[in-house]
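**Q** kindly return the folded structure for what I paste below:
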Amino acid sequence: MPSNIVDDHDINPSLPILDCPTIQNVASRNLSFGAVVADSARYDENYQSSFRYNGKVITYKVLKSDTTLIDMDDESDASFIDFYYSMQQSNIEKYDSVSYLISQREFANATSILAGIIDTNEQEEYLSVFYDLYLSKIVCDSNLSSQDSSLLLEIANSHSLLFGDAVYLEMCYF
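**A** Just a heads-up that it's a prediction; the model follows:
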């Protein structure tokens with residue numbers, strides 16, 4: 001974690017430590033993620049593409065962090081397996097790899113993966129802008145141009161539910 005990021009619990013130890021609920025059985029897995037995996041979740045039409053993408057990101061990250069959820073000896077497992085393997089080939093995985101490589105200070109590898117990503121939506125465009133500026137300016141200790149600053153301000157003033165992780169990342173690093 002970057003040194004400028006502080007866990008709320010470190011500031012105020014009286015705050016409870018919150019954990020995500022544990023998925024312990026097939027029914028809770030299917031209830032929590034089945035609609036996303038089956039691409040049958042319905043969202044407000046004004047935000048459909050953003051919310052669908054967010055659902056895929058969240059579901060993939062949960063499945064990646066606990067692969068026992070992919071195959072639970074249930075007839076719906078095939079859908080979860082297909083979803084997981086398709087996400088491994090997607091930009092969602094590529095951006096996750098960029099993030100991981102940055103955390104490991106493997107900036108050249110992160111830059112290489114980022115260069116090969118072709119964005120498919122605005123959330124990915126914002127991630128590209130953020131990571132590109134981070135890797136090309138901040139890591140190299142270069143000054144941001146006024147255009148760079150304007151782009152970052154645009155990201156910072158965007159709604160995270162619509163524009164995803166780039167909004168959070170920008171607020172943390174800049």
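**Q** please count neighbours and contacts with C-alpha atoms only from this point.
**A** Noted.
**Q** and the helices in the chain?
**A** Using DSSP state H, the helices assigned to the chain run over residues 8-11, 26-37, 48-65, 77-88, 91-103, 107-115, 122-133, 146-156, 160-163, 165-173.
**Q** how many neighbours does the nearest residue to Ser97 once chain neighbours are set aside have?
**A** In this structure, Ser97 finds its nearest non-sequential neighbour in Ala110, 7.4 Å apart by C-alpha to C-alpha, 6 or more residues apart in numbering. Look at Ala110: counted by other C-alpha atoms under 10 Å, it has 23 neighbours.
**Q** swap in Asn46?
**A** 8.
**Q** can you read off the pLDDT for it?
**A** What the model reports as pLDDT for Asn46 is 90.
**Q** and the gap between it and Leu162?
**A** 10 Å (C-alpha to C-alpha, to the nearest Å).
**Q** then Leu152?
**A** Leu152 sits 16 Å away from Leu162, going by C-alpha to C-alpha.
**Q** which one of those two is surrounded by more residues?
**A** Leu152 (22 against 17).
**Q** can you list the domain ranges for the protein.
**A** Taking automatic domain parsing as the domain assignment, the record places the domains of the chain at 8-88, 106-173.
**Q** what's the most buried one of these?
**A** Ranked by mean neighbour count, these are led by domain 106-173 with a mean of 16 (mean count of other C-alpha atoms under 10 Å).
**Q** no further queries at this time; thank you.
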